[in-house]
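A.B. asks: this is a predicted model, with the sequence first.
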Amino acid sequence: MIRGIRGATTVKQNTEEEITLETRKVVRSMVEANSVKPEDVSHIFFSTTSDLNASFPAKAIREIKGWTFVPVMCMQEIDVPNSLNMCIRVMMVINTTEQQKEIEHIFHNEAVKLRPDLIEE
């Protein structure tokens, strides 16, 4: 079965270092929480808000050992007025036997505001 795992995080500055660091953190959390192996990943889409352009979030994944061949793509998020700024969103598509309600979606930093209904206390 193919399932999607949602993830998102925010950064405080539009720098390559911070984009890379926070992207790795959120993706690693998604992987750990859902026991994902690179060979189970179909692809990953990243989107960033228009205020982030110092680096591609996908670059952070390509540099992780074992993740070189996972297809990744970046795009810009729709610029909706009053939406969360400095935000990186992730959609990881995986092959899994887990049911949809068993997938753990991960939100870090200010991105916890995006889907409070999916945050476990």
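C.D. replies: Sure, I can see it.
A.B. asks: what's the next secondary structure element after the helix or strand where C74 lies?
C.D. replies: Using DSSP states H and E, C74 falls within strand 72-76. Toward the C-terminal end, the helix or strand that comes next after strand 72-76 (DSSP H and E) is strand 87-95.
A.B. asks: pull out the buried positions in that next one.
C.D. replies: 87-90, 92-94 (16 or more other C-beta atoms under 10 Å). Heads up, the C-betas are built off the backbone N, CA and C, glycines and all.
A.B. asks: using PDB, write down the CA coordinates of the strand holding C74.
C.D. replies: The C-alpha trace of strand 72-76 is given here as PDB (Å, rounded to 0.1, in the frame of the first residue of the first chain):
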ATOM      1  CA  VAL A  72      13.100  14.300  -4.400                       C
ATOM      2  CA  MET A  73      11.600  17.500  -5.800                       C
ATOM      3  CA  CYS A  74      11.200  21.100  -4.500                       C
ATOM      4  CA  MET A  75       8.500  23.600  -5.300                       C
ATOM      5  CA  GLN A  76       7.200  26.900  -3.900                       C
END
